[in-house]
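Participant: Output the structure for:
(one chain, ligands or ions: 1)
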Amino acid sequence: MPGLPTGVGLTALCTARERGAENHRPDRLFEDRVAQVLTEVLGAAPRTTGLPDGHPPKDRAFAVDFVALRTRFFDDELRAASARCRQVVLLGSGLDSRAFRLDWARDTVVYELDRSDVLLFKHGIVARAGQEPRCTRVEVGADLRGDWPGALRAAGFNPWRPTVWGVEELLPYLNRAENDRLLSGITAMSAGGSHLVADHFDGALRRSVTFSAMTEVRCAVGAAWRSTLEVPDGWLAPHGWTCGLTDPTELAHRSGRELPDLFTPRAEGDGHLWLMSAVR
Ligand SMILES: C[S@@+](CC[C@H](N)C(=O)[O-])C[C@H]1O[C@@H](n2cnc3c(N)ncnc32)[C@H](O)[C@@H]1O
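Facilitator: Okay, here's the model as predicted:
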């Protein structure tokens with residue numbers, strides 16, 4: 001097995017493992033061969049990986065359903081936005097396999113930015129999966145709390161072209177100040193017509209029983225959630241972004257899925273999952 005990432009890098013494996021479960025459903029919302037191979041590799045690995053077994057069955061069902069729906073949201077939004085912008089950047093890309101599995105428009109360049117140890121591990125998994133990118137795929141190893149804009153530009157990114165930014169399950173691992181700096185960096189490199197797709201959740205959702213079960217798995221790999229987001233528009237608008245929100249209920253409905261209990265209004269309080277799609 002390729003060398004495992006550490007700390008927050010291990011969360012990439014947790015998410016991909018949850019995503020991999022979708023492959024076994026006859027009514028799957030997507031097929032993810034990279035996640036499938038990861039699950040096989042982890043299943044065959046000695047129990048020294050540092051990766052927890054996952055959630056107890058009830059919470060696992062929730063996590064799997066939740067990640068599948070969120071994946072579908074990002075798939076749809078990124079694909080639609082990339083028909084207009086041929087430059088795509090996935091921040092905290094982890095084991096995201098969209099470069100291999102989405103039908104990108106001709107000439108699309110997808111930059112995957114994550115820690116170098118995550119990208120190195122991903123090499124091994126992608127090679128085993130025998131996947132070829134359906135776009136020009138560029139890896140950028142960088143810390144998103146440092147000079148990642150410089151690393152992105154050095155890899156060929158053109159800040160004068162409109163860009164689609166994908167930020168999936170990243171913001172909770174950065175604190176508020178780090179997220180503010182991240183958004184400033186994104187904005188500074190977003191030509192008019194750029195698009196930002198991101199997710200986060202508010203404090204009430206974080207405190208809910210089911211959601212905190214997910215926290216425990218993340219904490220077990222040394223990657224606690226470090227922020228919440230109370231008002232998406234209040235965060236994005238001052239940076240010049242006009243933000244639309246997708247209601248998880250509506251997303252589940254259009255995906256032909258039951259909404260995980262947690263998001264049923266008032267099931268566990270008034271928490272909000274934010275599925276954001278913003279333009280500039
Ligand atoms: C939960 S995973 C999500 C991965 C991917 N977006 C997905 O949905 O499959 C979070 C990712 O963010 C990355 N990440 C977190 N903090 C980071 C940082 N400071 N610099 C670079 N990457 C970071 C982790 O390495 C990990 O791959």
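Participant: which residues are contacting stretch 217-232?
Facilitator: Residues outside stretch 217-232 that contact it (Cβ atoms under 8 Å, 6 or more residues apart in numbering): 6-8, 10-11, 14, 50-52, 54-55, 63, 171-176, 178-179, 200-203, 205-206, 215, 235, 243, 245, 274, 276. Placement of C-beta: from N, CA and C, glycine included.
Participant: and stretch 187-207, which residues are buried?
Facilitator: 187, 189-190, 194-202, 205-206 (16 or more other Cβ atoms under 10 Å).
Participant: In the chain, which residue is most central in space?
Facilitator: residue 168 (2.4 Å; Cα atoms, centre = their mean).
Participant: Not counting its neighbours along the chain, what's nearest that one?
Facilitator: residue 74 (5.2 Å; Cβ to Cβ, 6 or more residues apart in numbering).
Participant: Check residue 185 too.
Facilitator: residue 149 (4.9 Å).
Participant: isn't the one you found right up against residue 187?
Facilitator: No: counting by Cβ atoms under 8 Å, residue 149 sits too far from residue 187 to count as a contact (10.7 Å).
Participant: mind listing what residue 257 touches?
Facilitator: 29, 65, 68, 69.
Participant: for residue 91, same thing?
Facilitator: 113, 144, 148, 165, 166, 167, 170, 182, 186.
Participant: Look at the fifth one and tell me its secondary structure.
Facilitator: Looking back up the chat, that one is residue 166. On the three-state scheme (DSSP: H, G, I helix; E, B strand; the rest coil), residue 166 is labelled strand.
Participant: Would you mind stating the distance between it and residue 239?
Facilitator: Per Cβ to Cβ, to the nearest Å, residue 166 is found 17 Å from residue 239.
Participant: Which of these two has more residues huddled nearby?
Facilitator: Taking neighbours as other Cβ atoms under 10 Å, residue 166 and residue 239 compare with residue 166 leading, 27 against 16.
Participant: what sits against the more buried one?
Facilitator: When contacts are counted by Cβ under 8 Å, 6+ apart, residue 166 is found next to 74, 78, 88, 89, 90, 91, 93, 96, 98, 197, 198.
Participant: For the nearest residue to it once chain neighbours are set aside, list the residues it contacts.
Facilitator: In space, and not counting its chain neighbours, residue 166 is closest to residue 90: 4.4 Å by Cβ to Cβ, 6+ apart. For residue 90, the contacting residues are 96, 98, 99, 110, 111, 112, 113, 166, 168, by Cβ under 8 Å, 6+ apart.
Participant: from those residues, which single one is nearest residue 136?
Facilitator: Set against residue 136, the nearest of the contacts of residue 90 by Cβ to Cβ is residue 110 (7.1 Å).
Participant: re earlier: turn the contacts of residue 257 into a markdown table, including neighbour count and secondary structure.
Facilitator: As requested, the contacts of residue 257 are exported to a markdown table (neighbours: other Cβ atoms under 10 Å; DSSP: H, G, I helix; E, B strand; the rest coil):
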| residue | neighbour count | secondary structure |
| --- | --- | --- |
| 29 | 17 | coil |
| 65 | 21 | helix |
| 68 | 22 | helix |
| 69 | 22 | helix |
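Participant: for the residues you listed, which one is nearest the ligand?
Facilitator: Among the contacts of residue 257, residue 68 lies closest to the ligand (Cβ to the nearest ligand atom), at 11.6 Å.
Participant: measure the spatially closest residue to the closest one that is not a sequence neighbour to residue 248 for me?
Facilitator: Nearest residue to residue 68, sequence neighbours excluded (Cβ to Cβ, 6+ apart): residue 22, at 4.8 Å. The gap separating residue 22 from residue 248 is 17 Å, by Cβ to Cβ.
Participant: List the buried residues in the helix or strand containing residue 70.
Facilitator: Assigned by DSSP states H and E, residue 70 belongs to helix 57-82. Buried residues in helix 57-82, counted by 16+ other Cβ under 10 Å: 59-60, 62-79, 81-82.
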